[in-house]
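Visitor: Sequence first, then the predicted structure, then my questions.
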Amino acid sequence: MTDPALPTTARVVVIGGGIIGCSVAYHLAAMGCRDVLLLERDRLTSGTTWHAAGLIVTFGSTSETSTEMRTYSRDLYTRLEAETGQATGFRPCGFIEVAADADRLEEYRRVAAFNRHLGIDVHELGPREVGELFPLAAVSDILAGFYVKEDGRANPVDVTMALAKGARMRGARIAEGVTVTGVQTRGGAVAAVETSHGTIQCEVVVNCAGMWARELGQRSGVNIPLQAAEHYYLITGPMAGISRDWPVLEDPASYGYYREEGGGLMIGLFEPVCAPWQVDGVPKDFSFGEIEPDWERMTPFLEKALARVPAAQAAGIKKLFCGPESFTPDLQPIVGQAPELKNYFVAAGLNSIGILTGGGIGRLLAHWILTGAPDADVTGINIDRLHRYQGNPEYRRTRTVESLGMVYQCHYPTRSMSTARNARRSPLHDRLVERGAYFKDVSGWEGADWYAPPGVAPKVERLSWGRQNWFAYWRAEHEAARSGVVLMDMSFMSKFFMQGRDAGRVLNHLSANQVDTEPGRITYTQWLNERGTIEADLTVTKLSDENFMVVASDTAHGHVQARLRRACEGAHAFATDVTGAWAQINIQGPRSRELLQPLTSTDLSNEAFPFRCAREIDLGLARVLCIRITYLGELGYELYVPAEQAIHVYERLVQAGEAVKLKHAGLKALASLRMEKGYRDYGHDIDNTDSVLEAGLGFAVDLNKPGGFIGRDAVLAKKAAGALTRRLVQVLVADPEPLLFHAEVVYRNGQPLGYVRAASYGFTLGGAVGLAMVDAGEAIDPAWCEAGRWEIDIAGTRFPARASLKPMYDPQMKRIRA
Ligand SMILES: Cc1cc2nc3c(=O)[nH]c(=O)nc-3n(C[C@H](O)[C@H](O)[C@H](O)COP(=O)(O)OP(=O)(O)OC[C@H]3O[C@@H](n4cnc5c(N)ncnc54)[C@H](O)[C@@H]3O)c2cc1C
């Protein structure tokens, strides 16, 4: 495989010859990039890929991107042999996911409906049918199995070799035995890679170095906070009657998956509490390596897994294999262009599904590199969602214990990671603890999710898909915001000052709306790319001619920062991250003026301080930037307070709040309130694949502003193309009982047209409410919404619903302007 002579230049250098690097090289070459060089430290597959179990599974995800990556990979592995002459070992022997408890049954029914919508042929089986397909399994306690006949297993080494061969056939070069030691930069962009065999000039580098990717990235200042962990499977001795044609069986409640191997069984494990491996650094010479198994730690999990297939106990254990695999803080892969360094791309941290998604990841990244944009929603996997502190050894050591185990947990929609917590706290944190806040992980911040009433401990009694113990507390917070006044600590919001003579011009070029207004005004806007799809959803407040504040959600921090920084190049404009320096206290609800007015000498009347007004005000002994704006559809004010004055302001608010029955409200209430109003949340209900018009945000686009903006031509072209046939609609379930979370399929007149991107419970509207992107194939307008018979599939049952393009709550915005 090795090219004898290394070139001195290449357009793209791919680092790492595991499945991911080979897939990236294959797809770059397939897309016509003729100058691709893949460098592998040792031999292809020598890192993690060689020992993977090779499960090829399309079932199981409620992410459209992940599901698309899975189905694409399976299809690719099916056809690669015909294309390259190299077999992949893919056998469509089928796959069954087993539900052995009611909550998992609910989860898999929801997943199955979503997966079917995306073209996966999932069948729900009874326990007897599971037993017929996998006769050695104990099925008496099984409630159901979810069967995909076309899924199965492949040989990871063969798949990688086929990708490598395909890449070479299309002109890519692959060199083994060459270690990349560093990356040279010029003007903030990649210029060359340094290797054990000399320097190679290049335009783009792609770090696919698996569990070594973090340390390699670190040398270039690129944050890739993945961590290797022990990952196990055992091989039994031969077992009578077993067949290679049996499907792969997976039973997360028993921590195991099961497939035939060498006449016996391979039993793979995802134990609930796992062990990180080599936190201080992965050995450079670890090749085709194994880790000494920790029998003592694994025995209880092995026993549980073996109980699902009792005959396996008698067959004996031939081998307990342990190998390292990379895990990430949120169990999502790390993909995309590093925010720190232009043209430095990363695809690593595959969380044990690198084989079954590898084809898709390669395609997505190749597309991104060659066209400037990924061909799927990347908001959940983009490298720029991660924070630098997550690379700390203590963080990785702590969080990784939980990550691997999460794979087989029931994926309750309200579950929050519980390790590596309390790393980022708002200045108000301790006060909120005293108020009974229940906190969840919000991009590493402790975010108050809901508040327990006095005398009640803020605890989740039992996670479920239904109403939990805090449902009534949530309702009370929601209702207080609609009828009274609430305080929300939103200090985790991403905040940037943008200053300089060109700040307004630069921001206006980024923003689809006119943001360079008169000073003292906030503007809601999107940042688009050249295709007119959305890169960011945020507010820009003009404080003065040369000083602006940009505020985005917590998850958008890195993305917005990178875009701001790049936009400033060559201009007299300087972006400063002030996220931690300013607290954000939100006062919202019809009585919010009544609460605030006595605390300040500024006139807050509607005439003097109208909607969208932004002004520095006195509040007690503090100076506060007060912005009249709302994300939940009521009269409301966002107070930006220097961190050191946050407690003072909070105390004044709480003190004055007694007279107006001020209630603390958490993120659950924010979600239900904003969803009733149809307000968007980037990365949840809108993403980088949505045109701003389809997202229903055309009202925030100023096509006529002087100087234009990035994406204007695409928006104009979309408008000229005629009525929209794909749009985001608000949906409301008529029955007040069922709950929506995400990924529920939406039907109009019996036809599945899309799915719920994000949802909550509308206490004011009287039922579960969500935002769904629907693809109708015909013009979508209010009359079309009205005329349809709408239903939503919730865990296999279709519930009647309503759909609307206009927010169902206060469409005239009367309450906001009150
Ligand atoms: C026990 C086990 C079972 C698994 N089962 C499955 C499964 O059934 N299905 C599934 O989808 N996934 C499975 N996985 C996960 C899967 O194996 C990984 O996600 C996948 O192999 C990761 O591929 P990679 O290319 O990112 O990493 P790797 O295969 O580790 O490739 C990285 C490569 O980079 C090279 N490299 C590193 N540093 C440098 C450098 N400086 N210069 C040049 N080269 C460098 C390394 O030598 C290595 O070859 C399993 C993992 C384990 C441990």
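Guide: Cool, the structure landed.
Visitor: Now name the helix or strand holding the residue nearest to Val24 when sequence neighbours are not counted.
Guide: Among residues not flanking Val24 along the chain, Gly362 sits closest, at 4.6 Å (Cβ to Cβ, 6 or more residues apart in numbering). C-beta coordinates here come from the backbone N, C-alpha and C atoms, glycine included. Element membership for Gly362, per DSSP states H and E: helix 354-371.
Visitor: Can you spell out which helices and strands pack onto that helix?
Guide: Applying 3 or more Cβ pairs under 8 Å, 6 or more residues apart in numbering; DSSP states H and E, one finds that helix 354-371 contacts helix 19-30, strand 55-56, helix 64-84, helix 156-169, strand 198-207, strand 334-337, strand 344-348.
Visitor: Is it possible to get JSON lines of those that adds distance to Pro427, mean neighbour count and mean pLDDT?
Guide: Listed next are these as JSON lines, based on distance: least, Cβ to Cβ, whole Å; neighbours: other Cβ atoms under 10 Å; pLDDT from 0 to 100:
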{"stretch": "helix 19-30", "distance to Pro427": "41", "mean neighbour count": "30", "mean pLDDT": "98"}
{"stretch": "strand 55-56", "distance to Pro427": "47", "mean neighbour count": "25", "mean pLDDT": "98"}
{"stretch": "helix 64-84", "distance to Pro427": "36", "mean neighbour count": "21", "mean pLDDT": "98"}
{"stretch": "helix 156-169", "distance to Pro427": "49", "mean neighbour count": "24", "mean pLDDT": "98"}
{"stretch": "strand 198-207", "distance to Pro427": "37", "mean neighbour count": "22", "mean pLDDT": "98"}
{"stretch": "strand 334-337", "distance to Pro427": "31", "mean neighbour count": "24", "mean pLDDT": "98"}
{"stretch": "strand 344-348", "distance to Pro427": "34", "mean neighbour count": "27", "mean pLDDT": "98"}
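Visitor: if we can go back for a sec, give me the mean pLDDT for the helix holding Gly362.
Guide: In this model, helix 354-371 has a mean pLDDT of 98.
Visitor: now stretch 630-646
Guide: In this model, stretch 630-646 has a mean pLDDT of 98.
Visitor: that older thread, let me know which of the helices and strands packed on helix 354-371 is the nearest to Thr525.
Guide: Closest to Thr525 of the helices and strands packed on helix 354-371, according to Cβ to Cβ: strand 334-337, at 22.9 Å.
Visitor: Give me the helices and strands touching the strand or helix carrying Thr299, please.
Guide: In the assignment (DSSP H and E), Thr299 maps to helix 295-307. Judged by 3+ Cβ pairs under 8 Å, 6+ apart, helix 295-307 is in contact with strand 256-261, strand 264-269, strand 317-327.
Visitor: So which residues make contact with it?
Guide: Applying Cβ atoms under 8 Å, 6 or more residues apart in numbering, the contact partners of helix 295-307 are 138, 232, 234, 251, 254-256, 267, 269, 271-272, 275, 312-313, 320.
Visitor: one step back: and the helix holding Gly362 with helix 19-30, angle?
Guide: Counting by axes from the mean of the first three to the mean of the last three Cα atoms, to 10 degrees, helix 354-371 points 40 degrees away from the direction of helix 19-30.
Visitor: Distance to the ligand added to the helices and strands packed on helix 354-371, as TSV?
Guide: Formatted as TSV, those follow (distance: least, Cβ to the nearest ligand atom, whole Å):
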stretch	distance to the ligand
helix 19-30	3
strand 55-56	3
helix 64-84	8
helix 156-169	6
strand 198-207	9
strand 334-337	10
strand 344-348	5
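Visitor: Of all the ones you listed, which one is nearest Ala779?
Guide: helix 64-84 (23.7 Å).
Visitor: by how many degrees do the helix or strand that the closest one is followed by and strand 256-261 diverge?
Guide: Per DSSP H and E, the first helix or strand lying C-terminal to helix 64-84 is strand 95-99. Compare the direction of strand 95-99 with that of strand 256-261 by the same axes, to 10 degrees and you get 150 degrees.
Visitor: Fine by me, we can end here.
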